[in-house]
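Engineer: Quick one: sequence and predicted model below, then my questions.
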Amino acid sequence: MNQQELTKKIAENLSSSDRFDNWDKLTPEDSDYMMYSPTPVGYNTTAEQRYLMQNLLIGWNYESILDIGCGRADLYGFIKDFYIEPTYAYHGIDHNPVMTDLAKQKYDVECHNGAFESAKLPVTSWIVANGLFTQRRCETEDADLQKLFEDIDLLYKHATTVVSFNLLNPINTTHHEGFFYVHPGLVLDMLIEKYQNVVLRNNYSKDVYTVTIYKI
């Protein structure tokens, strides 16, 4: 399936979104909330979550994937829905045991529970970090920025082809306490200087942009 066919399929799926609408309306009082609502994994809607996943997989070569901060392993489910391809190796890791347990229940996929910084990560073709860098993790912005680039370098060393992740954009958006916003121009300049082959896509909303680093 080429990129044009994939985009068309995703658009068709999202246009008939009764199932997604039902998931989006779930509340914490509903029994299916943790399993299907996009809110517990950090999104406003299921359509938003899937669009961001599409961005992170542009040009994916159907080879092995390491999903950092995998949550319920919804990326695995997204690939099952939209890619008609032979089997591939999926690896997921998340620090929250509730989420990795939900991944097993929802998709029957085993995900590692732990911190990616200290875990023994497998070397894979494509590494995805979806929503991993949205929260503040340090006491100062400078420390957060240093931590971000250290983590990117760690992921880069475990990928044979691509590292893909998203960040919150500070331009023309509302800032919320506890979230990490980093200017796309700064990110692009620093990553190009170090890795050269970098693409930044600010093609979804004013809040989120996607970065892809190619090891070619």
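Structural biologist: Cool, got the structure.
Engineer: Name the SS class of A143, please.
Structural biologist: Under DSSP: H, G, I helix; E, B strand; the rest coil, A143 falls in the helix class.
Engineer: what's the neighbour count on it?
Structural biologist: If you count neighbours by other Cβ atoms under 10 Å, A143 ends up with 12. For glycine as for every other residue, the C-beta is placed from the backbone atoms N, C-alpha and C.
Engineer: Could you number the chain from 230 rather than 1 from now on?
Structural biologist: Understood, numbering begins at 230; the last thing we discussed is A372.
Engineer: For it, give its distance to F378.
Structural biologist: 11 Å (Cβ to Cβ, to the nearest Å).
Engineer: How about F307?
Structural biologist: 27 Å.
Engineer: Looking at these two, which is more packed in?
Structural biologist: Higher neighbour count among F307 and F378: F307, with 19 against 13, using other Cβ under 10 Å.
Engineer: just to confirm, which helix or strand has the more buried one in it?
Structural biologist: Using DSSP states H and E, the element containing F307 is helix 303-311.
Engineer: what are the pairing partners of the helix or strand that that helix is followed by, and which direction each?
Structural biologist: Later in the chain than helix 303-311, the nearest helix or strand by DSSP H and E is strand 319-323. If you go by DSSP bridges, strand 319-323 pairs up with strand 294-297 (parallel), strand 341-342 (parallel).
Engineer: For the chain, just list every one of the strands.
Structural biologist: Taking DSSP state E, the strands of the chain run over residues 294-297, 319-323, 341-342, 353-358, 388-397, 427-430, 437-443.
Engineer: Please identify which of these is closest to Q283.
Structural biologist: strand 437-443 (9.6 Å; Cβ to Cβ).
Engineer: Tabulate the CA atom coordinates of that closest one in CSV.
Structural biologist: Output of strand 437-443 as CSV, limited to C-alpha atoms (Å, rounded to 0.1, in the frame of the first residue of the first chain):
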residue,chain,number,x,y,z
VAL,A,437,1.6,19.5,18.0
TYR,A,438,4.3,18.9,15.5
THR,A,439,6.1,15.7,14.4
VAL,A,440,9.8,15.2,14.0
THR,A,441,11.4,12.4,11.9
ILE,A,442,15.1,11.6,11.9
TYR,A,443,16.4,9.4,9.2
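Engineer: who's sitting farthest from the centroid in this structure?
Structural biologist: E258 (26.8 Å; Cα atoms, centre = their mean).
Engineer: what's the distance between that residue and S266?
Structural biologist: On the measure of Cβ to Cβ, E258 and S266 end up 11 Å apart.
Engineer: same check, this time on Y280
Structural biologist: Distance, Y280 to S266, using Cβ to Cβ: 17 Å.
Engineer: ok, R430 touching T441?
Structural biologist: Yes: contact criterion Cβ atoms under 8 Å: R430 and T441 qualify, at 7.4 Å.
Engineer: Now for these two: what residues contact both?
Structural biologist: Common neighbours of R430 and T441 (criterion: Cβ atoms under 8 Å, 6 or more residues apart in numbering): I287.
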